[in-house]
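Undergrad: here you go, sequence then predicted model.
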Amino acid sequence: MFLRFMIETSCSPLRMLRLAHCTFRTGRKFSKGNFVRAPTIPYDGGLPFVGTSLAIGAAGGAPKLHEYVDSRHKQLGPIFRENMGPVTAVFVSDPSLIRKVFLVEGKFPKHFVPKAWSLYNELHKCKRGLFFMDGEEWYTLRRVMNKYFLSPESIKNLEGLHENLVSHLIQRWKRFDGQEVENLEFEFYRHSISFVLGSLIGNSYWNKFAEYNPYVDELAQKFQQVFETSSKLNVLPSVKLVQFLGLPVWKTFESAVGASLDATLSSVVTKMFPLSREVQTDPQPIVEREFSSTGVQANIPKPKIKGPSLEHQFTQVPNFSPSLCHFLSLLVLLGINVGISFKLYNELYVEKRFAPVATTQTCCLCRMARNVVKKAFDDLSENGLLYKLASENLHEDVISALVSDLLIAAGDTTAFTSQWAVYLLGRDRSVQDAVRRDPSLIRGVVRETLRLYPSAAFIARVLPNAETIDGYHLEKEELVLLSLYTAGRYEKLYPSADKFLPDRWTKEGTGKYKGVLNVNGYLPFAMGARSCIGARLANAQLNMTLSHLLENYDLDTKEESGMVLRLVPVPSRPVRLRIQSRKK
Ligand code: HEM
């Protein structure tokens with residue numbers, strides 16, 4: 001049979017063996033018709049059961065995944081499939097192929113929610129914002145939000161407010177003049193949160209700015225904590241097991257998320273819709289409405305079932321003795337790959353154990369939101385994005401969920417991009433001077449920063465249908481990871497790709513960019529229906545903040561800083577920025 005197959009497919013024995021090996025590793029079936037013609041996607045299945053997870057671990061694990069995948073692209077090409085142990089994914093780095101993936105993502109693009117977050121939402125039955133939604137519900141709300149968040153005019157209407165917020169940052173930093181900015185990460189977190197919060201509320205935010213400040217500080221602290229703990233959890237083989245064992249890292253995450261969502265809702269939403277006029281210590285039972293799948297209010301009254309408090313929910317997490325916990329966390333931290341047994345364990349015990357808890361509890365987020373958001377929509381300024389959202393007859397729960405998650409999404413993405421930008425600028429006085437001479441270069445600064453340090457080093461898509469990309473067959477439901485880190489450093493698009501050259505984004509007389517061979521390859525905010533809803537706001541914030549900083553201060557960063565992946569790429573050591581007032 002082997003001989004017959006060789007004759008029929010005109011394969012040499014050597015090629016035959018190679019193809020058979022690939023096919024064995026991809027798990028594909030031999031098919032006389034397409035065996036020879038259809039190229040096999042380069043594939044690394046790694047070792048049985050554990051896939052390439054040991055190699056990934058040896059390369060530095062999840063924090064260094066971008067570098068590991070970058071090196072795999074160099075070996076295997078712009079598209080390859082890899083079995084990383086618990087998951088198999090196709091990685092794509094060529095920007096033109098990445099665009100093709102976005103084009104076939106379907107009407108309801110599906111991405112990948114970090115493990116820690118999905119487990120939290122599942123346990124607490126949380127209603128979360130756009131990022132966590134899928135299908136028809138996501139589609140409907142996304143279309144509503146696009147109208148306001150992606151409209152250049154809406155953002156332009158907020159320019160005066162934005163100017164005030166940035167001037168406030170410049171004033172605030174006077175205290176660091178001549179020295180290092182203390183806790184730069186926190187400074188940018190609070191600025192990003194304030195910027196988005198202000199954009200949601202509109203001009204009246206500035207009038208009540210002093211009142212909001214303590215809340216913004218609190219939110220910035222909580223978001224930083226959530227970010228840190230969730231990134232730790234996401235690199236562990238099984239978040240569910242960690243949660244089941246009640247290990248400290250899960251508890252910190254859970255209480256930080258609970259607290260930050262609470263804080264968002266109680267402080268921010270309450271202030272947006274001033275509850276102070278009718279403060280309720282013990283909220284009146286309200287009539288719970290059923291939602292259509294779109295989250296749009298449908299008036300079907302039914303009695304409210306009061307859920308237990310969040311503290312009560314925390315006590316549901318089973319506790320083990322500290323020594324057992326330490327032993328187990330040691331195992332996990334030592335990087336011993338017990339992913340498979342964890343998975344089995346999860347499936348056998350954890351799901352069952354938590355199922356009843358998950359179905360009976362109501363997250364305090366949902367309860368509080370219902371009570372505050374319905375209070376008063378009329379206090380918002382007309383240029384606030386929320387004022388416009390409120391006109392869409394969305395249910396208060398949905399608005400609350402959307403608002404909380406916008407603030408969370410804005411926190412780390414824009415805060416870390418700001419840090420990378422000042423890090424890059426502070427290393428190069430000549431670039432700072434060039435931007436001061438030609439302020440239009442600031443757009444190039446932001447683009448270069450996001451090209452080199454994209455807030456999403458990978459974007460995930462689950463293909464709705466089988467597709468052929470670059471001649472390769474990709475299965476239906478296949479997980480595709482778009483390697484934005486590698487795509488941003490593509491020499492074919494960006495000559496001297498590793499260099500920070502804002503000037504490459506200057507347009508020449510021909511209308512082409514000086515140092516960018518194809519602008520379509522620039523995708524830090526993704527593309528298509530599920531691209532970043534905050535892109536306009538983020539660009540507005542980054543452009544304005546950086547140009548004001550350069551106008552007022554000389555920036556100086558000395559240390560080399562590698563990049564590690566937490567939920568977004570972060571500097572491996574905190575960026576130390578020294579600022580010095582400029583003489584005017
Ligand atoms: C430098 C700043 C930012 C970058 C680079 C960035 C990047 C991205 C990317 C790549 C996605 C797509 C993720 C995916 O499909 O899996 C995304 C989605 C999202 N972003 Fe941003 N983002 C930034 C700032 C913001 C800000 C300021 C907000 C809020 C105002 C925001 C809110 C969101 C939301 C809600 C989604 C989910 C959209 C959906 O699923 O429909 N982002 N962002």
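TA: Alright, I've got the coordinates.
Undergrad: which single residue in the stretch 151-300 of the chain comes nearest to the ligand?
TA: V196 (4.7 Å; Cβ to the nearest ligand atom). (C-beta placed from N, C-alpha, C; glycine too.)
Undergrad: hmm, T413 and that residue touching each other?
TA: No: counting by Cβ atoms under 8 Å, V196 stays clear of T413, with 10.5 Å between them.
Undergrad: between those two, what contacts are shared?
TA: G534 (Cβ atoms under 8 Å, 6 or more residues apart in numbering).
Undergrad: domain ranges for this structure, per the record?
TA: 1-40, 126-456+524-581 (automatic domain parsing).
Undergrad: for these, which has the smallest mean pLDDT value?
TA: Looking at the domains of the chain, the lowest mean pLDDT belongs to domain 1-40 (a mean of 41).
Undergrad: could you work out the end-to-end span of stretch 72-86 for me?
TA: Start-to-end span of stretch 72-86 (Cα to Cα, to the nearest Å) is 18 Å.
Undergrad: which ones are touching W173?
TA: Counting by Cβ under 8 Å, 6+ apart, W173 has contacts V181, E187, Y553, I579.
Undergrad: which residue packs closest to the residue of the stretch 151-300 of the chain closest to the ligand, ignoring adjacent ones?
TA: A410 (4.1 Å; Cβ to Cβ, 6 or more residues apart in numbering).
Undergrad: in which helix or strand would I find that neighbour?
TA: helix 396-426 (DSSP states H and E).
Undergrad: and after that helix, which helix or strand comes next?
TA: helix 429-437.
Undergrad: which secondary structure elements does that following helix contact?
TA: helix 396-426, helix 442-452, helix 535-552, strand 553-556 (3 or more Cβ pairs under 8 Å, 6 or more residues apart in numbering; DSSP states H and E).
Undergrad: now these as CSV including mean neighbour count and distance to the ligand?
TA: Formatted as CSV, the helices and strands packed on helix 429-437 follow (neighbours: other Cβ atoms under 10 Å; distance: least, Cβ to the nearest ligand atom, whole Å):
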stretch, mean neighbour count, distance to the ligand
helix 396-426, 24, 3
helix 442-452, 23, 6
helix 535-552, 20, 4
strand 553-556, 20, 19
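Undergrad: now those as JSON lines including distance to E382?
TA: Listed next are the helices and strands packed on helix 429-437 as JSON lines, based on distance: least, Cβ to Cβ, whole Å:
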{"stretch": "helix 396-426", "distance to E382": "17"}
{"stretch": "helix 442-452", "distance to E382": "29"}
{"stretch": "helix 535-552", "distance to E382": "18"}
{"stretch": "strand 553-556", "distance to E382": "34"}
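Undergrad: for I98, find the nearest of these.
TA: Of all the helices and strands packed on helix 429-437, it is helix 442-452 that lies closest to I98, at 13.5 Å by Cβ to Cβ.
Undergrad: right, is the next helix or strand along the chain from the closest one up against the ligand?
TA: Later in the chain than helix 442-452, the nearest helix or strand by DSSP H and E is strand 458-462. Yes: judged by Cβ under 6 Å from any ligand atom, strand 458-462 comes into contact with the ligand at I459, A460.
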